[in-house]
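Trainee: Predicted structure and sequence below. I'll ask about it afterward.
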Amino acid sequence: MAPIDEEEARLRVGAPADHAAGLKAVRLSLANAVQKMGVRKTVRNLRTLNQHDGFDCMSCAWPDPQGHRHAAEFCENGAKAVAWEGTRDTAGPAFFAAHPVAELAQQTDHWLEKQGRLTHPMIRREGATHYEPISWADALALIGAHFRQLADPNEAVFYTSGRASNEAAFVYQLFARALGTNNLPDCSNMCHESTGSALMRTIGVGKGSVTLEDLHQADLIVVSGQNPGTNHPRMLTALEIAKRDGAKILAINPLPEAGLLRFDNPQKVRGLVGGGTGLADRLLRIRSNGDLALWQAIGSLLLERGVADREFIASSTVGFDAWAKHVAEVDREAVLAATGLEWAEIEAAADMLASSKRIIHCWAMGITQHRNAVATIKEFVNVALLQGMIGKPGAGLCPVRGHSNVQGDRTMGIWEKPPAAFLDRLSAEFGFEPPREHGVDAADAVRVFRDGRAKVFLALGGNFVAAMSDTEVTAAAMRDAELTVQISTKLNRSHIEAGRTALILPTLGRTEQDLTGGTVQRITVEDSMSAVHASRGRSEPAGPLLRSEVDIICGIAQATLGDRHGIPWADFAEDYGRIRERIGRVVPGCDDYATKIDNGGFTMPHPPRDSRTFPTPEGKAVFTVSPLEVMTVPEGRLILQTLRSHDQFNTTIYGLDDRYRGVYSGRRVVFISAADLAELGFADGDLVDLTSEWQGEERHAARFRLVEYDTPKGCVAAYYPETNPLVPLDSQAEESGTPTSKWVVVRLSPSNSV
Ligand code: SF4
């Protein structure tokens, strides 16, 4: 059974909040920061967080305002992320000597990260019970030797977390391709891959088409499958600005999240005293996976009402007639079954779209992690194209990314399916022929280790074992690796469930001053709206042995490749400006990158947004037709969606509370409707085990407390990573391969666990 925090015994459940942020958010974030970092470091870090000459928040990818910034340009969660990184606690050689790996395996994810910053390169040698220190020189030589011994470069896998900087990502993909593989899975494979797949096909660019200014100017913002109050809190400020100027918000989500209801902006007196802004004008409490049906119905209703931008459709799109015919025939009964909504609610939502001139569609994991996620996002695009809502101010598509530089990493070439044009430019710049065969994504990375087809796993940040679906399968696959190397700031599950030989390489965080090469280095990042800018930390590093991600990667590359292809790894590590010059020559849209960064940053070109040109094979935006399939659930079963608590960022668990949902001192809860409790013969507070069912296979997660909650009948929710063991590895979104973490068929049984 997975480790369970002893605090779970004290779990309390109260009423969910009806608003987000406010004075409490300020108080909690400051108290937490001071406790972790001390007063001086708290002041220095929070004063420079998200400022023009400061460091970029390492948490979500929400953009910063281009011009004036407030003195406190961050949210509660950004402050938590900074405090988590800036903690005075450390986990060095003495810690590892005192704790055998078998003992660490019994600790929760929260406990592991709470031990503090990693300070020394550590190795667990094959058969050893403990991690022990190793010098940087020996660590790099050992890694290089493993890489050189591979029979085939595709026996290596290079995983990237979305925190890695553009410079680190660029040299990382360069190293992988110089070695000879495109095995570059990343956390995008687990979150917005469905977005990239849908947008590439329909508008020719796999990124959102709006800026922060557009959000402020919109008159309707649709927020689908997203919980901004917890996952992208400063989005609430943008929503508040838009609302103040008369915008309406249509929220579509199974749960009535606090951040969709009301926002008490802590930067405003009104927000501090609880007189905040009501957000959603209409909240559609949709069943999980009902969005494709909903948007086909909305499309049909808009057509019935004669709402169409005929000029835009004629000049800039293809496929309209086939789509219009398809949605005109949409089966109303199927829509009602899939969505769980009343037809009148759907008509009211369609009316909101019909009466709006500038509409932005936002979405996140509640949409992307379904089997039909790509089709659903294509349907957002269909409706946006119908109304001509791309490439004009205040309108467009806004996928909201989860990790601070996940979009930038992809721009830099972290992709198992790199476009040929990117590889051509890489080849021209560096004088070698990169591999053209596609590499493995995150799910395939698990498969190649599980099946013995790969040997070395290198992770640039992140916590792959906890983040990935099917935890036990993933962990077993990692244990089979010959060597795993984790470039990390904190201890996590992936250091425990690691290869036969396992290395931990401690790295600098965003808050810390990077003096690699004897000079102050900056890194660059790209946010969710394609704005690219520099980031520079000022804090003293957590230990003298820490190295930057760029330095570590260049060191490994040098130890592996020597001067093969003549790539100047040492020069790159000495001055990241040299990497930026190469980025400027290799990465499309990054011409004069170094200069633009020196001048304060820039926004990446986006032809649909900038000029209504669509780089698709057809040369136009594409309406697509997706069959409507209503996914059914066997009798007595429920649909589980995994989600985050408010005290959590991705796999990082800051604490055991989720105050917006009224949960304190525990995480092993299942949110379930009163109707399901009654129908299944359970009561609020009962302890249950969860079993997921998938193609004749069963997976188990034990000891969860049922919490009666306002969720649609048949749909339950629980936190990840605790419920990741229930998500089958092979249950993936069509086309994109994203794990279907928002659609897991489960049954409940009384818990026999003690
Ligand atoms: S909204 Fe996201 S990027 Fe901004 S401070 Fe909060 S967590 Fe950081």
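Mentor: Okay, I see it. Note that the structure is a prediction, hence the values are computed from the model and not measured.
Trainee: From what I see, Ala702 and Asp689 are in contact.
Mentor: Yes. Using CB atoms under 8 Å, Ala702 is in contact with Asp689, at 4.7 Å. C-beta: built from backbone N, CA, C; applies to glycine.
Trainee: so for stretch 670-679, what's the average pLDDT?
Mentor: Here stretch 670-679 scores 98 as its mean pLDDT.
Trainee: In CSV, could you pull the C-alpha coordinates for it?
Mentor: Extracted C-alpha coordinates of stretch 670-679, given in CSV (Å, rounded to 0.1, in the frame of the first residue of the first chain):
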residue,chain,number,x,y,z
VAL,A,670,-13.1,11.2,-2.6
PHE,A,671,-15.5,14.0,-3.5
ILE,A,672,-18.8,12.3,-4.2
SER,A,673,-22.4,13.4,-4.7
ALA,A,674,-25.2,12.8,-2.2
ALA,A,675,-27.1,10.9,-4.8
ASP,A,676,-24.2,8.5,-5.4
LEU,A,677,-23.7,8.0,-1.7
ALA,A,678,-27.4,7.0,-1.3
GLU,A,679,-27.4,4.9,-4.4
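Trainee: Just say helix, strand or coil for the residue nearest in space to the middle of the chain.
Mentor: With distances taken as CA atoms, centre = their mean, the residue of the chain nearest its centroid is Gly402 (3.3 Å). Secondary structure, DSSP: H, G, I helix; E, B strand; the rest coil: Gly402 is coil.
Trainee: who touches it in this structure?
Mentor: Cys60, Ala61, Gly162, Cys187, Cys191, His192, Asn231, Ala364, Met365, Asn650 (CB atoms under 8 Å, 6 or more residues apart in numbering).
Trainee: export the residues you listed to JSON lines and tack on neighbour count, distance to Asn77 and secondary structure?
Mentor: Listed next are those as JSON lines, based on neighbours: other CB atoms under 10 Å; distance: CB to CB, whole Å; DSSP: H, G, I helix; E, B strand; the rest coil:
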{"residue": "Cys60", "neighbour count": "28", "distance to Asn77": "7", "secondary structure": "coil"}
{"residue": "Ala61", "neighbour count": "24", "distance to Asn77": "12", "secondary structure": "coil"}
{"residue": "Gly162", "neighbour count": "29", "distance to Asn77": "15", "secondary structure": "coil"}
{"residue": "Cys187", "neighbour count": "29", "distance to Asn77": "17", "secondary structure": "helix"}
{"residue": "Cys191", "neighbour count": "24", "distance to Asn77": "17", "secondary structure": "coil"}
{"residue": "His192", "neighbour count": "36", "distance to Asn77": "19", "secondary structure": "coil"}
{"residue": "Asn231", "neighbour count": "26", "distance to Asn77": "8", "secondary structure": "helix"}
{"residue": "Ala364", "neighbour count": "27", "distance to Asn77": "14", "secondary structure": "coil"}
{"residue": "Met365", "neighbour count": "25", "distance to Asn77": "16", "secondary structure": "helix"}
{"residue": "Asn650", "neighbour count": "23", "distance to Asn77": "11", "secondary structure": "coil"}
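Trainee: ok, which of these also contact the ligand?
Mentor: Among these, the residues that sit close to the ligand (CB under 6 Å from any ligand atom) are Cys60.
Trainee: Any figure for the gap between the residue nearest to the centre of the chain and Ala467?
Mentor: 11 Å (CB to CB, to the nearest Å).
Trainee: Buried residues, whichever strand or helix holds Ala242. List them.
Mentor: Per DSSP states H and E: Ala242 is located in helix 235-244. Buried residues in helix 235-244, counting neighbours by 16 or more other CB atoms under 10 Å, are found at Met235, Leu236, Thr237, Ala238, Leu239, Glu240, Ile241, Ala242, Lys243.
Trainee: What of stretch 349-366?
Mentor: Residues of stretch 349-366 classed as buried: 349-354, 356, 358-366 (neighbour count, 16+ other CB under 10 Å).
Trainee: of those residues, closest to the ligand?
Mentor: If you rank the buried residues of stretch 349-366 by distance to the ligand using CB to the nearest ligand atom, Ala364 comes first, at 12.3 Å.
Trainee: Longest strand in this protein, by number of residues?
Mentor: strand 697-708 (DSSP state E).
Trainee: what about that strand, average pLDDT?
Mentor: 96.
Trainee: and the closest residue to Ser530 other than its chain neighbours, how many neighbours?
Mentor: Take Ser530 and drop its neighbours on the chain: the residue closest to it by CB to CB, 6 or more residues apart in numbering is Met604, 4.0 Å away. Neighbourhood size, Met604 [other CB atoms under 10 Å]: 20.
Trainee: about what we covered before: list the buried residues in the helix or strand just after the longest strand of the chain.
Mentor: Note on strand 697-708: by DSSP H and E, the next helix or strand toward the C-terminus is strand 715-719. Neighbour-count burial for strand 715-719 flags Cys715, Val716, Ala717, Ala718, Tyr719 (criterion: 16+ other CB under 10 Å).
Trainee: Out of those residues, which are close to the ligand?
Mentor: Okay, of those, nothing touches the ligand (CB under 6 Å from any ligand atom).
Trainee: Now flag whichever of those residues is closest to the ligand.
Mentor: Tyr719 (18.2 Å).
Trainee: So that closest one sits against Val670, correct?
Mentor: No. In this structure Tyr719 lies outside contact range of Val670 using CB under 8 Å: 9.4 Å.
Trainee: Tell me where the stretch 1-150 of the chain has strands.
Mentor: Under the criterion DSSP state E, counting those that start in this stretch, the stretch 1-150 of the chain carries strands at the ranges 12-13, 20-21, 90-91, 117-118, 122-124, 132-133.
Trainee: The ligand is nearest to which of those strands?
Mentor: The ligand lies closest, by CB to the nearest ligand atom, to one member of the strands of the stretch 1-150 of the chain: strand 20-21, at 10.5 Å.
Trainee: helices or strands up against the closest one?
Mentor: helix 228-231, helix 258-261, strand 262-264 (3 or more CB pairs under 8 Å, 6 or more residues apart in numbering; DSSP states H and E).
Trainee: switch the cut-off to 10 Å
Mentor: Strand 20-21 sits against helix 228-231, helix 235-244, helix 258-261, strand 262-264, with contacts defined as 3 or more CB pairs under 10 Å, 6 or more residues apart in numbering; DSSP states H and E.
Trainee: possible to save the ones you listed as JSON lines with mean pLDDT?
Mentor: Output for these, formatted as JSON lines (pLDDT from 0 to 100):
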{"stretch": "helix 228-231", "mean pLDDT": "88"}
{"stretch": "helix 235-244", "mean pLDDT": "92"}
{"stretch": "helix 258-261", "mean pLDDT": "85"}
{"stretch": "strand 262-264", "mean pLDDT": "81"}
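Trainee: re earlier: for the strands of the stretch 1-150 of the chain, state which one has the densest average packing.
Mentor: strand 20-21 (a mean of 29; mean count of other CB atoms under 10 Å).
Trainee: Relative to the whole chain's centre, how far out is that strand?
Mentor: Averaging C-alpha positions (CA atoms, centre = their mean, to the nearest Å) puts strand 20-21 21 Å from its chain's average.
Trainee: Is there proximity between that strand and the ligand?
Mentor: No. Strand 20-21 does not reach the ligand (CB under 6 Å from any ligand atom); its nearest approach is 10.5 Å.
Trainee: In the stretch 401-550 of the chain, which residue sits closest to the ligand?
Mentor: Closest point on the stretch 401-550 of the chain to the ligand, by CB to the nearest ligand atom, is Ser404, at 6.2 Å.
Trainee: How many residues are close by that residue?
Mentor: Ser404 has 29 neighbours, counted by other CB under 10 Å.
Trainee: what do you get for the one 4 residues further on?
Mentor: Taking other CB under 10 Å as the neighbour definition, Gly408 ends up with a count of 27.
Trainee: Could you verify that it is part of a helix?
Mentor: Yes. Gly408 forms part of a helix when assessed by three-state DSSP.
Trainee: Next one, pLDDT for it please.
Mentor: At Gly408, pLDDT is 95.
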